[in-house]
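Here is my input, please return the structure:
(3 chains)
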Amino acid sequence: MTTIQGPKTGSGRFFEDFSVGQVLAHATPRTVTQGDVALYSAIFGPRFAVQSADAFAHAIGYPKSPVDDLLAFHIVFGKTVPDISINAIANLGYAACRFLSPVYPGDTLTATSQVIGLKENSSGESGVVYVRTVGHNQHRVDILDYVRWVMVRKRDSASPAPPPLVPDLLKALPVETLGDACPALNAAHYDLVLAGSPYCWGDYVVGEKIDHVDGVTVEEAEHQMATRLFQNNAKVHFNQFSEGQGRFGRRLVYGGHVISLARALSFNGLANAFHIAAINGGRHVAPLFAGDTVFAWSEILESDSMPGRDDVGALRLRTVATKNRPCADFPLRQGEAYDPSVILDLDYWVLAPR
Amino acid sequence: MTTIQGPKTGSGRFFEDFSVGQVLAHATPRTVTQGDVALYSAIFGPRFAVQSADAFAHAIGYPKSPVDDLLAFHIVFGKTVPDISINAIANLGYAACRFLSPVYPGDTLTATSQVIGLKENSSGESGVVYVRTVGHNQHRVDILDYVRWVMVRKRDSASPAPPPLVPDLLKALPVETLGDACPALNAAHYDLVLAGSPYCWGDYVVGEKIDHVDGVTVEEAEHQMATRLFQNNAKVHFNQFSEGQGRFGRRLVYGGHVISLARALSFNGLANAFHIAAINGGRHVAPLFAGDTVFAWSEILESDSMPGRDDVGALRLRTVATKNRPCADFPLRQGEAYDPSVILDLDYWVLAPR
Amino acid sequence: MTTIQGPKTGSGRFFEDFSVGQVLAHATPRTVTQGDVALYSAIFGPRFAVQSADAFAHAIGYPKSPVDDLLAFHIVFGKTVPDISINAIANLGYAACRFLSPVYPGDTLTATSQVIGLKENSSGESGVVYVRTVGHNQHRVDILDYVRWVMVRKRDSASPAPPPLVPDLLKALPVETLGDACPALNAAHYDLVLAGSPYCWGDYVVGEKIDHVDGVTVEEAEHQMATRLFQNNAKVHFNQFSEGQGRFGRRLVYGGHVISLARALSFNGLANAFHIAAINGGRHVAPLFAGDTVFAWSEILESDSMPGRDDVGALRLRTVATKNRPCADFPLRQGEAYDPSVILDLDYWVLAPR
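Next up is the predicted model:
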């Protein structure tokens, strides 16, 4: 019998395969369940009351507990990996991420991306692809959207460069655009004792820095299980055989894992900041590996009331995560560069009861 | 910009911060789900039919499978950690734990503790705090209560000692106080073949010892995931950076993890002891670390009929867990001291069909 | 007090304890939940749309997403371990596994086995036991059945040998016997974009080989959690203390773990082969240990239309899994023997939309 090798396993898109305006509908649709929520809790350890207890969420106006905002983000993000970043050299950044509608167990999420920018690198070997991704639920309601850009290898360095187009990106989303995923709350029923902190929106002042104190060590099984739960199939997270021969000699922890750990650690100091309304931008400053211990601190960058709402206010936060270095002295820079312990520099908006 | 450091992350209560009669309502309320049950199964491996199969539980009189008694215990216990034991030097013991109402997936658990005793140590550096904790569901029904005592550091050794008060604690709960969390069962529909053993309550005799045979090795990812699932944020379980510099040089496994492993191992020999009605007392004799293999054996301490019930009988058990030592010869003492392999000595009541 | 040691923990069945025609009803019944599905996803990483999204499954004719076929298989298999293979020297093979009815979260599974063959080995020290196992749901509907055979130690080498009976086993199930667990589908609503591949049943040709490309490294916590989730209590998977002194010096990964990993990897190349209709046979060629990286490739052995159905067609696949060796060149044999990297050689039928 002649051996026939089919083309069924593609090699993924290279830089030449993207064009501005192109729309990519991503596989695999995914029903989010209470099982996913339990795993998210077991792996990251969030303790925010709204997401932990149906009774608490119901008392303030949700039908039941929404899932953690970042669980929804990671599931949407995971879908885009096979179509966008499977040949990525680097995930360069994301911006303008808004949470648009709450996600509940039972919702089925899908995602679509549109290419909004392309810029070949001067080397001619690779280029930067900008996409705007939208996640939807089974009612075709948008649940979040964001922009990200990745550096993607060219298939052939001789291919002609496309006309460069770099999208204008806001440094931070204006407060007027926030809050769609947070229903009008009955703030009188928000129980600060059960929520774990007396500090509400008005108690935080711009410039205030908060050490989140605790540290958490990451295990290979934990980050692999989380990243598979999100159906994110980026090879660098799972394959010790190939990564052992690669740049770091080991598997790389998914960047979103660090964001979720830092968010869970931030409960200690920000217990009532129960909802991430937007992510303005994030930088994965250095890689994280299993065995490292993650710490975090936050700074209040802005504090704003929400137009037309007196139930919640918005805080713009910078949360910095480090590895193997406690954050009591708020490590960030060494001269112009980042402190070598810093792994994440995240700029985002949270909502807290007033 | 001036850096302001807020007081948002507290340092937890020290010995001086407790007073007899003080009531502490704990964060975070927690809805128990089928996801939690699946994780509990995956991490501990219980095989009791009542908790494994809705159809089995329904046939004998439960509306559906209740969650494992220890899952409910660990969730309630976890809530108390930030308020009570975050500055604990040692968890000294617990007693008088009664399971008062079954917990089902969908129930939201909260917890409250009252300080019932205080005794400063002679050193003046620390003291023992006794609390009675009650777990409730969303209907304000008590689901379990227990007493525990912990040694807590003083903030200032010069602070005056409170009047010493040590509560009287029963060595074992009387059988009359047991059984509230076990509905009246239709014992005729309890299928011994499906349950995995022909041995009912009357088949066990006082003094009988049972080797549970199997051993299970604990991994860091497993105990971290379990302890986070319970929202227990005690630092010693998660932070290799700090624990690596500490007493043991490594992360400590949550004591409740050992109890759950021993309980799951006890299925082999006690398959029909489907419900823990009470925990009379427990001692964590030695610490457990990832990489260790846990074994267990049990002794029947008492066997009692239940007043007014002919469906189930009560067995008072001592279950001893060891590390890295099989239990065929029932290791317990070496002279006056515990055998060096022993890590847990637990005294509790179980119910089994008659 | 005299120490009494009860017989409550049995030593399991030896070869002498089996007789042809004997029926074994297995403990523990098990309700499959969304929590189990989430753990299965986190540990194995399947991305098939039918099992991932209720909305996708519903659109094509399922009431909601069925659970992964192998999750049902592993749960049924796990129940048989205490009764059949706890004293097994080796799991020799399985055959004629048919999936008979879809399993949904909420279903309670039980299992029964019948001894269909016995053959003592020439050594007189052990023998081969053949059983046919059937899994049922709470409506007493068969959900799968299969034959497996194991080599079991004799209690006493002097016991007489039973009359040898080796059942006739089909090399492969005929296509006419397949498809009971796949409802009639509305293939027009099967969305190939959401499913992740344009390749349908008719696009695969006999002899075609597919490299599934990706590799996944197995961690101890992962395989222990999976195997416990299946309530499979075979000692070799969990007990480093005893296995460290054994043949391999370490815990052995459950063979079914490899099958599930290979199946999940096969999504890359076989995304629309959404349902395993039957397993014709499987050989665990070599053991897998934590730290190893699993790769896989498949060959199309047969392609058949399904009698009376125009929604789906059947593909008979050979899927080969390796450890620590990518499969771009389809490793299988070295001379007469298997290539030393090969760990699994699986022959099975999948269904895909036409």
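
Check the gap between the closest residue to residue A:283 other than its chain neighbours and chain C for me.
Take residue A:283 and drop its neighbours on the chain: the residue closest to it by C-beta to C-beta, 6 or more residues apart in numbering or on different chains is residue A:345, 4.7 Å away. Yep, even glycine has a C-beta here, placed from its N, CA and C like the rest. Distance check for residue A:345 against chain C: by C-beta to the nearest C-beta, to the nearest Å, it reads 28 Å.

In contact with residue A:345, which residues?
A:282, A:283, A:285, A:318, A:320, A:332, A:338 (C-beta atoms under 8 Å, 6 or more residues apart in numbering or on different chains).

Rebuild the residues you listed as CSV, extending it with distance to residue A:36.
CSV is the format used below for the contacts of residue A:345 (distance: C-beta to C-beta, whole Å):
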residue, distance to residue A:36
A:282, 22
A:283, 27
A:285, 29
A:318, 29
A:320, 28
A:332, 34
A:338, 33
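
Greatest separation within the residues you listed: which pair is it?
A:282 and A:332 (14.6 Å; C-beta to C-beta).

Quick check: residue A:354 touching residue A:200?
Yes: contact status for residue A:354 versus residue A:200: in contact at 6.0 Å, counting by C-beta atoms under 8 Å.

What ranges does the stretch 1-150 of chain A have for its helices?
Ranges of helices in the stretch 1-150 of chain A, per DSSP state H, counting those that start in this stretch, are A:34-44, A:49-52, A:54-60, A:69-80.

State the pLDDT value of the residue in the stretch 51-200 of chain A that chain C sits nearest to.
The stretch 51-200 of chain A approaches chain C most closely through residue A:108 (4.0 Å), counting by C-beta to the nearest C-beta. Note for residue A:108: predicted pLDDT of 98.

again, but for residue A:112
98.

cool, residue A:12 as well?
According to the per-residue confidence, residue A:12 scores 84 in pLDDT.

how deep is the closest residue to it other than its chain neighbours tucked in, by neighbour count?
Spatially, and ignoring its direct neighbours in sequence, residue A:12 is nearest to residue A:86 (3.7 Å; C-beta to C-beta, 6+ apart). Close neighbours of residue A:86, defined as other C-beta atoms under 10 Å in any protein chain shown, add up to 17.

how about residue A:86, what does it touch?
Residue A:86 touches A:12, A:13, A:233, A:234, A:235, counting by C-beta under 8 Å, 6+ apart.

For the closest residue to residue A:71 other than its chain neighbours, which residues are in contact?
Computed as C-beta to C-beta, 6+ apart, the closest residue to residue A:71 that is not its neighbour in sequence is residue A:40, at 4.8 Å. Counting by C-beta under 8 Å, 6+ apart, residue A:40 touches A:46, A:67, A:68, A:71, A:226, A:229, A:260.

Confirm that the last one sits in a helix.
Yes: remark: residue A:260 belongs to a helix, assigned using DSSP: H, G, I helix; E, B strand; the rest coil.

Just the pLDDT at the nearest residue to it once chain neighbours are set aside, thanks.
Sequence neighbours aside, residue A:44 is the residue nearest to residue A:260 in space, at 4.5 Å (criterion: C-beta to C-beta, 6+ apart). Among the per-residue scores, residue A:44 holds a pLDDT of 98.

what's the answer for residue A:187, then?
86.

now do residue A:211
Here, the pLDDT recorded for residue A:211 equals 96.

Confirm for me that it is in contact with residue A:269.
Yes: between residue A:211 and residue A:269 there is a contact under C-beta under 8 Å: 7.3 Å.

Who has more neighbours out of those two?
Using other C-beta under 10 Å as the criterion, residue A:211 and residue A:269 rank with residue A:269 on top: 24 against 21.

Now do the SS call for the more buried one.
Following three-state DSSP, the label given to residue A:269 is helix.

Could you report the distance from it to residue A:47?
12 Å (C-beta to C-beta, to the nearest Å).

Strands of the stretch 101-250 of chain A, residue ranges please.
In the stretch 101-250 of chain A, strands defined by DSSP state E, counting those that start in this stretch lie at A:108-120, A:126-136, A:142-153, A:208-211, A:216-217, listed in chain order.

what about the closest residue to residue A:340 other than its chain neighbours, neighbour count?
Distance criterion C-beta to C-beta, 6+ apart; nearest residue to residue A:340, sequence neighbours excluded, is residue A:334 at 7.0 Å. Residue A:334: 11 surrounding residues under other C-beta under 10 Å.

In the stretch 251-354 of chain A, what residue lies closest to chain B?
residue A:293 (3.6 Å).

For the residue lying closest to residue A:218 once chain neighbours are set aside, give me its contacts.
Among residues not flanking residue A:218 along the chain, residue A:290 sits closest, at 5.5 Å (C-beta to C-beta, 6+ apart). For residue A:290, the contact set (C-beta under 8 Å, 6+ apart) comprises A:218, A:219, A:220, A:222, A:223, A:250, A:251, A:253.

at 6 Å instead, please
Residues near residue A:290 by C-beta atoms under 6 Å, 6 or more residues apart in numbering or on different chains: A:218, A:219, A:220.

With residue A:219 instead?
Counting by C-beta under 6 Å, 6+ apart, residue A:219 has contacts A:290, B:220, B:221.

so what's residue A:169 closest to, chain neighbours aside?
The nearest residue in space to residue A:169 (C-beta to C-beta, 6+ apart) is residue A:95, at 4.6 Å.

Just list the residues touching the most centrally placed residue in chain A, thanks.
Nearest to the geometric centre of chain A sits residue A:256, at 5.1 Å (C-alpha atoms, centre = their mean). By C-beta under 6 Å, 6+ apart, the residues touching residue A:256 are residue A:74.

On the three-state scheme, it is what?
Residue A:256 - assigned by three-state DSSP - is helix.

Of the contacts of residue A:219, which belong to helices?
Judged by DSSP state H, helices contain the following of the contacts of residue A:219: B:220, B:221.

quick check, nearest of the contacts of residue A:219 to chain C?
residue B:221 (3.8 Å).

Look up how far residue B:55 lies from the residue of chain A found nearest chain B.
Nearest to chain B in chain A, going by C-beta to the nearest C-beta, is residue A:38, at a distance of 2.7 Å. In this view, residue A:38 and residue B:55 are 22 Å apart by C-beta to C-beta.

okay, those two: which has more neighbours?
Applying other C-beta under 10 Å to residue A:38 and residue B:55 shows that residue A:38 carries more neighbours, namely 25 against 21.

Check the burial of the residue nearest to residue A:17 when sequence neighbours are not counted by counting its neighbours.
Leaving aside its sequence neighbours, residue A:17 sits nearest to residue A:155 (C-beta to C-beta, 6+ apart; 7.6 Å). Burial of residue A:155 is recorded as 14 neighbouring residues (other C-beta under 10 Å).

Quick check: phi and psi on residue A:155?
Dihedral angles phi and psi of residue A:155 (degrees, to the nearest 10) take the values phi -70, psi -40.

repeat for residue A:286
Residue torsions, per degrees, to the nearest 10, at residue A:286 are phi -150, psi 160.

where does the nearest residue to residue A:317 once chain neighbours are set aside land on pLDDT?
Spatially, and ignoring its direct neighbours in sequence, residue A:317 is nearest to residue A:298 (5.0 Å; C-beta to C-beta, 6+ apart). pLDDT, residue A:298: 98.

mind listing what residue A:42 touches?
Per C-beta under 6 Å, 6+ apart, neighbours of residue A:42: B:39, B:225, B:228, B:229.

Tell me which two in those are the farthest apart.
Longest span within these, C-beta to C-beta: B:39 and B:228, 9.9 Å.

Neighbour count: these two, which is higher?
A direct count of neighbours by other C-beta under 10 Å for residue B:39 and residue B:228 places residue B:39 higher, at 30 against 25.
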